[in-house]
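Visitor: Build me a model from this:
(chains A, B, C and D)
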Protein chains: 4
Amino acid sequence: MQHDRLQGSFSPDPEERNHQEEACAKNMAPSGEKKGILERLDAGEVVVGDGGFVFALEKRGYVKAGPWTPEASVEYPEAVRQLHREFLRAGSNVMQTFTFYASDDKLENRGNTQRFTGQQINEAACDLAREVANEGDALVAGGVSQTPSYLSCKSEEDVKAIFKKQIDVFVKKNVDFLIAEYFEHVEEAEWAVQVLKSTGKPVAASLCMGPEGDLNGVSPGECAVRLVKAGAQIVGINCHFDPETCVKTVKLMKEGVEKAGLKAHYMSQPLAFHTPDCNRQGFIDLPEFPFALEPRILTRWEMQKYAREAYEAGIRFIGGCCGFEPYHIRAVAEELGPERGFLPAGSEKHGEWGSALAFHTKPWVRARARRDYWETLKPASGRPFCPSMSKPSAWGITKGHADLVQHKEATSKEELKALFDKATGKP
Amino acid sequence: MQHDRLQGSFSPDPEERNHQEEACAKNMAPSGEKKGILERLDAGEVVVGDGGFVFALEKRGYVKAGPWTPEASVEYPEAVRQLHREFLRAGSNVMQTFTFYASDDKLENRGNTQRFTGQQINEAACDLAREVANEGDALVAGGVSQTPSYLSCKSEEDVKAIFKKQIDVFVKKNVDFLIAEYFEHVEEAEWAVQVLKSTGKPVAASLCMGPEGDLNGVSPGECAVRLVKAGAQIVGINCHFDPETCVKTVKLMKEGVEKAGLKAHYMSQPLAFHTPDCNRQGFIDLPEFPFALEPRILTRWEMQKYAREAYEAGIRFIGGCCGFEPYHIRAVAEELGPERGFLPAGSEKHGEWGSALAFHTKPWVRARARRDYWETLKPASGRPFCPSMSKPSAWGITKGHADLVQHKEATSKEELKALFDKATGKP
Amino acid sequence: MQHDRLQGSFSPDPEERNHQEEACAKNMAPSGEKKGILERLDAGEVVVGDGGFVFALEKRGYVKAGPWTPEASVEYPEAVRQLHREFLRAGSNVMQTFTFYASDDKLENRGNTQRFTGQQINEAACDLAREVANEGDALVAGGVSQTPSYLSCKSEEDVKAIFKKQIDVFVKKNVDFLIAEYFEHVEEAEWAVQVLKSTGKPVAASLCMGPEGDLNGVSPGECAVRLVKAGAQIVGINCHFDPETCVKTVKLMKEGVEKAGLKAHYMSQPLAFHTPDCNRQGFIDLPEFPFALEPRILTRWEMQKYAREAYEAGIRFIGGCCGFEPYHIRAVAEELGPERGFLPAGSEKHGEWGSALAFHTKPWVRARARRDYWETLKPASGRPFCPSMSKPSAWGITKGHADLVQHKEATSKEELKALFDKATGKP
Amino acid sequence: MQHDRLQGSFSPDPEERNHQEEACAKNMAPSGEKKGILERLDAGEVVVGDGGFVFALEKRGYVKAGPWTPEASVEYPEAVRQLHREFLRAGSNVMQTFTFYASDDKLENRGNTQRFTGQQINEAACDLAREVANEGDALVAGGVSQTPSYLSCKSEEDVKAIFKKQIDVFVKKNVDFLIAEYFEHVEEAEWAVQVLKSTGKPVAASLCMGPEGDLNGVSPGECAVRLVKAGAQIVGINCHFDPETCVKTVKLMKEGVEKAGLKAHYMSQPLAFHTPDCNRQGFIDLPEFPFALEPRILTRWEMQKYAREAYEAGIRFIGGCCGFEPYHIRAVAEELGPERGFLPAGSEKHGEWGSALAFHTKPWVRARARRDYWETLKPASGRPFCPSMSKPSAWGITKGHADLVQHKEATSKEELKALFDKATGKP
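Guide: Residues are numbered from 1 along each chain as shown, chains lettered A, B, ... in the order given. Presented below is the predicted three-dimensional model:
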């Protein structure tokens, strides 16, 4: 699978593009021959994940920020399918079912009336992921995430029942492996892993926490140990923090696992937003969340830096979460091209390190067709009236607090007014 | 076509969502009944344009930055169709054919070998635009843009022949109107308008310049007068500068037209990037172009501000160019909802002014469900090691300079090295 | 007066320091032999001005921001004398009498009760300036500035009478030349020049305006012509804007004078604050004025850049205004050392371009002992929560507006409350 | 000593200024009656320190950055005296002798040939401090600081002999107490405290470290315990970090002392520069050190915040170090006016919280005459091309490394070139 474009120097030669297309064609292996997730990781291969669907589809017009629920799998399958395809083309080996927050307790939360059941949404999502996975060398991963039931202090039994309903669909649809992701409390993640483990399929588990640990202050090392003991073969971090912070946190997890004499594979699926100013709750507490995060979006070059750092930290399942667009995943795949032995199909439309700028009309833009230019550039914001960091606005509350308890009714105008007044410091 | 959500206050009521869907359904009028572009503008209606395809599809993996050519219309029609659909859903009334740089002289420029002819690409693009336009209340606009032939000092006759080849396809495919856009020299734009005008279809013309005028220093007012005299019914600005600068420049064009006792309609299709630090050549000269512009991306709220300012300046054809994603166009359509009398279909998945955050789990995020929060927020970049403005790197050359002359051969390694040395100040 | 340290390369040789001290000693010529201001400028010599006293002495505890009056000349002569000495040592050829706002109408304005008459203050200021000027090669310049009387629409006769009272002291104390500075309206500056001119002494006149012209919109070119015609031999700009803007404005003045076929010398005494975000009224309208301007203070290297640009623009009287500390003036004198033929006495304690860092304990700081390091450094603010530019808060009023009319009574609490409410947008 | 201006609301009443002058007069108690440093602290009084002399006098032209040695005490006594007076007037209760780096081993270091002995400098400094201390309610503190001998691994005996030479002068001149300050290694500070303690005078000791501890990684808590055990009655932090970091570090020291069952008083004398981006070695490693720190200078309002935070942390000896100008100390004294019972003499020329802006000519500046305006302002840098944070350039070496060893010879050109190449990454 060696490929001569991997040497990195630029060549606009059409012959070479044909080579590349062949190489990409190899990437499109039929589903039957595919190696499983653990086979790949055990063999030391890099597994490239995909990007987050809720943010990408929100910008395309198919997900509503606030509830963030994935009914688009039923309503607008062509939009979901297209996004899967773009990530596959960008180099992803994993098609995560678009089932984030697709548990019935979440679908009904806070007045978010649904015309589709959780089962309908989960099934449609599995079918779309499988359809596209079959077009290339990707596996289907069924995903569950944290539940309003847990935040509302429901029992272990109740919370596990919620997960069980989604898992039943994943088993029926025969996904390749399972991911428990976006957990703020390691306890809930353990419960999820236990349910997922009961299927016999490989299980990955990732928390949305930083180096300070989960919302109860359990350290990354201890969280990782608990997840491995609960049955996860792959552990790591997703969402809530930028790549740098996530890699740092996975390192702490790895240290914990190794110190405990255990074994695991590691994954990271961070935000595509810079969050140096976050506190423990991550980007949700930043004043810009979720509608003014644009200035924080990582460039493709910053993403290549992430891929390299994750690889060097021993992480082999390397993907993304909110903010990742297909070109961000392509950047991961290009950075790790030498390790993987091939470039993704989407590189057909991308000169590595900007080399295709050699085609540009203006000579000073052609002069940017080189790696050191992009690696050292400090991109300006074009926003001189804005600061470069924000103070997070956390209210210091977590699981069990009255303001966090789930209810089916929409937030009333009176409740909203009380929140606005609290936020603006009115008595 | 009045719609009760237009009052702006938030209501998560499901009844209302049904209303909205009906309203959107009205928007989906069959093609036969559609009013033409001039009918709409003469009636004072707002026409919402679409966003730029090359940047959006580059991020999705279907366009190569550098040549920026649109062969994806033939290669990956589903990707182009999906983007059209997202803009339609976001409220666009215009489906521009994805034919930017689809002239044969450009397709062959600088070693960019093509497997498709200009004719193939232009035809496929027309078909895709028409297919999606038929799904809603949108018109198809065939577009031409500046040519390497002009920059290489080819004759008026030669340049016009280039335009003619694209126009022939547009006429055959019976597009609804024509746009000559992205011209840096008013002279070339006049030639294009003259060719377009010969079809008998309505003609729009937009330059990519700022208040200082075109690359020869012809003022915006004079440019506008010349375009109107050449036959354009709609004149304005697209690309190269941020919304604020574009609106300012269109105002100067309008003043020029009115002072000359002429009449015209006005359009603006700016970048979705902040460019306070640009010089005459616009964002191409910024060091961040084209791969590190992320921190400059406008938020949806900044886009609503643009839509309002454009409307107040008397502009009625309001769209976008590079950097615009579907949610940016939706922001334009939401801001002008009261003037248009309806919200776009995509608002089904968007609480105006963040109102759907009332569904969020965290109470301090629910407190952001209000207009004044988002209108006054100064978004941080999360990049404390980066500046907020850059020095543009223009080399002060234009049409006719040896470095700008078109050639079919790819830029050689020697030529590139010379450019790198020039850029880094080596002797 | 050639000096071998002027070659610029660093030498920590003690022999050389003795040389330097001798060179500096030459600088300390007895008063009787001194060349006048016009002799120097006519001979093409660089005249280094001093820095602003009100800001420097405010930080030292001897001037009150708000009234900004100079009674310290009487109250704390040792503090005023010390600042004169520091500027002399830094290379200044001009000791401006500390008589800014020392007109009786200003001293009594808005409840600012005084224990000293204008005459007492002006006399003390002249004596201090002369005492220190006699210690080196500096001239004494008596200064007048804009008056509350003019803003309150008093007659030409009344305003000129105000100037006359100060001038009488300057004549009695036999200052070397006169400066009319800090005028926002060219008309008032003309009146001042006419009064100053009547003494027979050389007259310099500088306005506090930017490229847009004075507060009535009179262009810099026309302002300069009017001042020259009124009798000023030296014209230019002081205060209100940063060095870059001031040099740009003096260039416009020079163009105007030359176009009119007149002759003049040129001066610039800008702020030591960066003000890229100012409007016509300058730094007073910036929200940071006057107590939060710290992040805008120029470094010594930025000051050397200013000195070079001013020199290249043909300006030969080069000094500073608010924000200038002695080391800023020394930077001007060091930059223009080659042109002047000597370094200032204060350079005894300064390695040019940081060369004395070669003595530093830490090797990585010793590595900063070189010109290119400091010339290219982009200094960080250490303030990630602050923006890099501000919106000025001008209320768009000028001479004659009720809010600007002088009165002896202090602003009452009711008046202040009304201003606070206006400023915070309360009805 | 109660003073009616302490109520904080503004009054421009001249009667009141007379009151204030009387109050200040009380402050000017004759030396004989003064309470000692420990009496004051034991009584719970606030002791206001002074600011750093080397940076302030460098800007005035009397200290050379690089060697940073204090020979100005002999050469330019009027300049040193004037700075003492300004700090006294600003509210300082401590006149530190200007003897920083006045040990013979430092005076001779790296080619820095001196015409004065350490003894001459130390004596002159004591006389100046005593002269000004006698003008008000201030004590004289003799100071020693870290030595090149320690960095060069000289023996405890040798290092102590260095301190002993300075102490002998302080005893002869009968200073009121002693300060060992600016130590990067607690071990050397202990040695200094032991020597100082032998005099029988009260001893204060402050390290220049942050929360990570000294350069050997000894924690702040342990450092404090060791200093107290060595005999220091007052312990704390000076220099190297901004006020926020210093207060945080002193808190850790206090916790350590209390946990060890010991007792001490606490002091903080931080930088007047924002340093959020420092690593363990503090501001020296910032690229801006020492000649481009201007954008980091604290405003007076930020200094008031510091004074309040230090007070609330239990610190009672509150002063400053490099970057502090007299107005910064005045801000400390004004903030703690209610606790001290009086305002400093310098407040005669300062309206608290900008109240004297009520005298300003422009109404929108008069509207800034209020506390909430200045407390909430986020000052812009006026530097859109600069970042807000820097990467420190530490080379990770400390005591004992060859590059740090003292030598009498100046750094040679060859050595400098090697350093430049190392700094710019050349091979």
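Visitor: Check what contacts the helix or strand that contains residue A:182 and list those residues.
Guide: Secondary structure from DSSP states H and E places residue A:182 in strand A:177-183. With contacts defined as CB atoms under 8 Å, 6 or more residues apart in numbering or on different chains, strand A:177-183 is touched by A:36-38, A:96, A:100, A:139, A:141-146, A:163, A:167, A:170, A:189, A:192-193, A:196, A:199, A:201-208, A:214, A:232, A:238-239, A:269. The C-beta positions use only the backbone N, C-alpha and C, and glycine is treated the same way.
Visitor: Is chain B within reach of the following helix or strand past that strand?
Guide: Downstream of strand A:177-183, the first helix or strand assigned by DSSP H and E is helix A:186-197. No. With CB under 8 Å from any CB of the partner chain as the threshold, helix A:186-197 lies outside contact range of chain B, at a closest distance of 13.4 Å.
Visitor: which strands and helices sit next to helix A:186-197?
Guide: Counting contacts by 3 or more CB pairs under 8 Å, 6 or more residues apart in numbering or on different chains; DSSP states H and E, helix A:186-197 packs against helix A:156-172, strand A:177-183, strand A:203-207, helix A:220-230.
Visitor: Pick the most buried one from those.
Guide: Ranked by mean neighbour count under mean count of other CB atoms under 10 Å in any protein chain shown, these are led by strand A:203-207, which reaches a mean of 30.
Visitor: Against which helices or strands is it packed?
Guide: Based on contacts counted as 3+ CB pairs under 8 Å, 6+ apart, the elements that strand A:203-207 packs against are strand A:177-183, helix A:186-197, helix A:220-230, strand A:234-238, strand A:265-269.
Visitor: Tabulate these (JSON lines), appending mean pLDDT and distance to residue D:246.
Guide: Rendered in JSON lines, the data for the helices and strands packed on strand A:203-207 read as follows (pLDDT from 0 to 100; distance: least, CB to CB, whole Å):
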{"stretch": "strand A:177-183", "mean pLDDT": "98", "distance to residue D:246": "39"}
{"stretch": "helix A:186-197", "mean pLDDT": "98", "distance to residue D:246": "37"}
{"stretch": "helix A:220-230", "mean pLDDT": "98", "distance to residue D:246": "30"}
{"stretch": "strand A:234-238", "mean pLDDT": "98", "distance to residue D:246": "34"}
{"stretch": "strand A:265-269", "mean pLDDT": "98", "distance to residue D:246": "36"}
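Visitor: Could you dump these into CSV and include distance to residue A:388?
Guide: Formatted as CSV, these follow (distance: least, CB to CB, whole Å):
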stretch, distance to residue A:388
strand A:177-183, 28
helix A:186-197, 33
helix A:220-230, 27
strand A:234-238, 24
strand A:265-269, 25
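Visitor: Quick check: buried residues in stretch A:273-291?
Guide: Neighbour counts using 16 or more other CB atoms under 10 Å in any protein chain shown place A:273-278, A:280-291 of stretch A:273-291 among the buried residues.
Visitor: Endpoints of that stretch, how far apart?
Guide: Between the opening and closing residues of stretch A:273-291 lies a distance of 12 Å (CA to CA, to the nearest Å).
Visitor: Report whether it contacts chain B.
Guide: Yes. Counting by CB under 8 Å from any CB, contacts between stretch A:273-291 and chain B involve A:273-277, A:281, A:284-291.
Visitor: So for that stretch, mean pLDDT?
Guide: Mean pLDDT, stretch A:273-291: 95.
Visitor: do that stretch and chain D meet?
Guide: No. With CB under 8 Å from any CB as the threshold, stretch A:273-291 lies outside contact range of chain D, at a closest distance of 8.9 Å.
Visitor: got it, and stretch A:365-383?
Guide: Yes. Applying CB under 8 Å from any CB, one finds stretch A:365-383 in contact with chain D at residue A:378.
Visitor: how far does that stretch sit from the chain's center?
Guide: Distance of stretch A:365-383 from the chain centroid (CA atoms, centre = their mean, to the nearest Å) equals 27 Å.
Visitor: Also stretch A:284-304?
Guide: Averaged over its C-alpha atoms, stretch A:284-304 has a centre that lies 14 Å from its chain's centre (CA atoms, centre = their mean).
Visitor: Endpoints of that stretch, how far apart?
Guide: Length of stretch A:284-304, first residue to last, CA to CA: 25 Å.
Visitor: ok, so what distance separates the residue most central in space within chain A from chain D?
Guide: In chain A, the C-alpha closest to the average C-alpha coordinate belongs to residue A:321, at a distance of 2.4 Å (CA atoms, centre = their mean). Separation of residue A:321 from chain D (CB to the nearest CB, to the nearest Å): 26 Å.
Visitor: Since that was my last question, I'll sign off now.
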